[in-house]
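Participant: Make a model of this:
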Amino acid sequence: MGFIRYLIYMIPILWAFLKDLIWEDLSLGEIRTNYLFGKANAYDRANFLQKAVRVYKEILRRETYSIPVFLSLGGIYYRRGLFETAIPYYEKVIRVNPKHYQGHYWLAMCFWRLQRYHAAINTLEEVIHFLPTFKDALNLMGECYEQIGEAAKAERCYLKAISVDPNRIIIHSGVIDRWDQEKKREEWIKH
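Facilitator: Numbers count the residues shown, from 1 in each chain. Predicted coordinates:
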């Protein structure tokens, strides 16, 4: 069944490959890289982990410091719950580009999933330093602070996330909910 899914996922990849060959003004190296990315993605979607990893590593032989490959490899392992295995790939992204906010965020997500909240906070501080309106990072930092029992810091992070989000949505609001409940209780007592 997995092989059939792989073939189905490869149909648009093969079409893009032909389109690149015929109509696009790309070098053969660029066409090959695009095809390999598509092939690796098809393997990943069909749940052939080792084959997808092999294809991404083939790209890395030609493009040693490819951030898209590092992110893809980290993502493959992250989606499968292999957070420790994903971490080195996100760290490589950050080594290549220290201001790559997605690399920092997904590294922090791995730490959060592994309940390494202090490591996640340190990583999130990096990304928030150069992207202070990154609401997902602010939300995650609030969650980390909440997990280590620092409710006041968590609340500040959540409130900052709410202030930069036009939809006013936060991921976890345990601290905010408790704060609202306490305010309502105080108002009820006053009346």
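Participant: which element is the residue nearest the centre of the chain on?
Facilitator: The geometric centre of the chain, computed from its C-alpha atoms, lies nearest to residue 106 (C-alpha atoms, centre = their mean), at 3.8 Å. Taking DSSP states H and E as the definition, residue 106 sits inside helix 101-113.
Participant: so how far is the longest helix belonging to the chain from its chain's centroid?
Facilitator: When the chain is parsed with DSSP state H, its longest helix is helix 2-22. Its chain's average C-alpha position is 26 Å from that of helix 2-22, according to C-alpha atoms, centre = their mean, to the nearest Å.
Participant: if we can go back for a sec, same for whatever helix or strand comes next after the helix holding residue 106, what does it pack against?
Facilitator: Using DSSP H and E, the helix or strand that directly follows helix 101-113 along the chain is helix 117-130. The elements that helix 117-130 packs onto, with contact taken as 3 or more C-beta pairs under 8 Å, 6 or more residues apart in numbering; DSSP states H and E, are helix 101-113, helix 135-147. Quick note: C-beta positions are derived from backbone N, CA and C, even for glycine.
Participant: and these as JSON lines, adding mean pLDDT and distance to residue 158?
Facilitator: Below are those laid out as JSON lines (pLDDT from 0 to 100; distance: least, C-beta to C-beta, whole Å):
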{"stretch": "helix 101-113", "mean pLDDT": "97", "distance to residue 158": "15"}
{"stretch": "helix 135-147", "mean pLDDT": "95", "distance to residue 158": "4"}
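Participant: ok, for the residue nearest to the centre of the chain, nearest residue in space, not its chain neighbours?
Facilitator: For residue 106, ignoring the flanking residues on the chain, the nearest one in space by C-beta to C-beta, 6 or more residues apart in numbering is residue 90 at 5.0 Å.
Participant: Relative to residue 10, how far out is the one you found?
Facilitator: Distance check for residue 90 against residue 10: by C-beta to C-beta, to the nearest Å, it reads 28 Å.
Participant: the more surrounded of the two?
Facilitator: Using other C-beta atoms under 10 Å, the more surrounded residue of residue 90 and residue 10 is residue 90, with 29 against 18.
Participant: quick one, what contacts the more buried one?
Facilitator: By C-beta atoms under 8 Å, 6 or more residues apart in numbering, the residues touching residue 90 are 70, 71, 74, 103, 104, 106, 107, 110.
Participant: again, only using 7 Å
Facilitator: Taking C-beta atoms under 7 Å, 6 or more residues apart in numbering, we find residue 90 in contact with 74, 103, 106, 107, 110.
Participant: Give me the neighbour count for the first one.
Facilitator: By the measure other C-beta under 10 Å, the count of residues near residue 74 is 27.
Participant: so where's this protein uncertain?
Facilitator: Within the chain, the ranges that satisfy pLDDT under 70 run 169-191.
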